[in-house]
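Engineer: build the 3D model from these lines:
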Amino acid sequence: MGDPGGYFAGRGDRADRRPVPPLPAVVPSLLAADFVRLGEEVAAAEEAGARWFQLDVMDGHFVPNLSFGVPVLESLRPATDSFLDAHLMITAPHTLLEAFAGAGADLITIHAEASEDPRRDLETIRGLGCQCGFAVSPPTPASAAVDALEIADLVLVMTVNPGFGGQRFMPKTLAKIGELREAASRRGVSPPVFQVDGGIDSDTAAVAARAGAQSYVAGSSVFRGAGGAGPSFRRLQSTVEEARHWEG
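Structural biologist: Just a heads-up that it's a prediction; the model follows:
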């Protein structure tokens, strides 16, 4: 859908901020990558055209799983010029916002269910020079994100319950995209970028695209797909581009 600068322009600009990749964008989730070969996995996806990667940060409290944290982002940042998206599935996210921004995150996303003060946290992220995202889990209604529309650059609609990869896609969650787009219109604010995450493959990505998604986080279908990260990314990116073009 072209350069999304209209969504992000003027929000959290900083001198070293990397450009947001064009939309629609498939965002490989590094949770599904081979950690021993993380740099190679990223390079293979980049060679195929990937310019936006997500790091799923889990603390074992907000979600019943552990993944990785600031040191992995710090190690990865010098190895890539791609846009790095830190999805914080953690309790009390405000305690680590500065650390993730300092480690090189370009976008930091917090959860409606975990933030004690979403406006404060989103404004803090903005003040740190990063784009700010707001996520809602499947049981959480779209209304929980309405106030965030005036601040957030991106709204992440979780299409599985956060915490584990390989779950089955929940199509009913996609209705939130339309609800939030309408809410933004009523409030007279520019809609954020709508991202989906969970169970994304060629079939479900096409469904999400037609529901209004613009960014598609995909882990297993990229890094564990046939042929490896490069061919898998190309197939999925082609799918979302065709679906968005069909939708117009």
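
Engineer: and for R126, the neighbour number?
Structural biologist: Using other Cβ atoms under 10 Å, R126 has 18 neighbouring residues. For the C-beta atoms, the positions are set from N, CA and C on the backbone; glycine is no exception.

Engineer: now do the SS call for it.
Structural biologist: At R126, secondary structure determined by DSSP: H, G, I helix; E, B strand; the rest coil is helix.

Engineer: roughly how far does it sit from V136?
Structural biologist: 19 Å (Cβ to Cβ, to the nearest Å).

Engineer: in which helix or strand does the residue of the chain most remote from its centre reside?
Structural biologist: The outermost residue of the chain, judged against the average C-alpha position, is R186 (24.8 Å), by Cα atoms, centre = their mean. Element membership for R186, per DSSP states H and E: helix 175-187.

Engineer: and the helices in the chain, which stretches?
Structural biologist: Here the chain has its helices, by DSSP state H, at 5-8, 38-47, 70-76, 97-103, 118-127, 175-187, 202-210, 220-223, 229-247.

Engineer: V26: which of those is closest?
Structural biologist: For the helices of the chain, the distance to V26 is smallest for helix 229-247, at 4.7 Å, taking Cβ to Cβ.

Engineer: chain center to that closest one, what's the gap?
Structural biologist: The chain centroid and the centroid of helix 229-247 are separated by 17 Å under Cα atoms, centre = their mean, to the nearest Å.

Engineer: equivalent analysis for stretch 61-72, please.
Structural biologist: Here the centre of stretch 61-72 is set off from its chain's centre by 16 Å, with Cα atoms, centre = their mean.

Engineer: do the same with stretch 203-214
Structural biologist: 14 Å.

Engineer: tell me which residues in it are buried?
Structural biologist: For stretch 203-214, the neighbour count (16 or more other Cβ atoms under 10 Å) marks 204-209, 211-214 as buried.

Engineer: what does stretch 90-105 give?
Structural biologist: Neighbour-count burial for stretch 90-105 [16+ other Cβ under 10 Å]: 90-91, 93-94, 96-97, 100-101, 103-105.

Engineer: can you list contacts of that stretch?
Structural biologist: The contact list for stretch 90-105, computed with Cβ atoms under 8 Å, 6 or more residues apart in numbering, reads 55, 57-59, 61-62, 69-70, 73-74, 76-77, 84-86, 88, 108, 110-111, 114-117, 120-121, 124-125, 128-130.

Engineer: just stretch 136-145 next, same as before
Structural biologist: 111-113, 134, 152, 155-162, 170, 173, 175-176, 179-180, 183.

Engineer: what's the average pLDDT for that stretch?
Structural biologist: Stretch 136-145 shows a mean pLDDT of 98.
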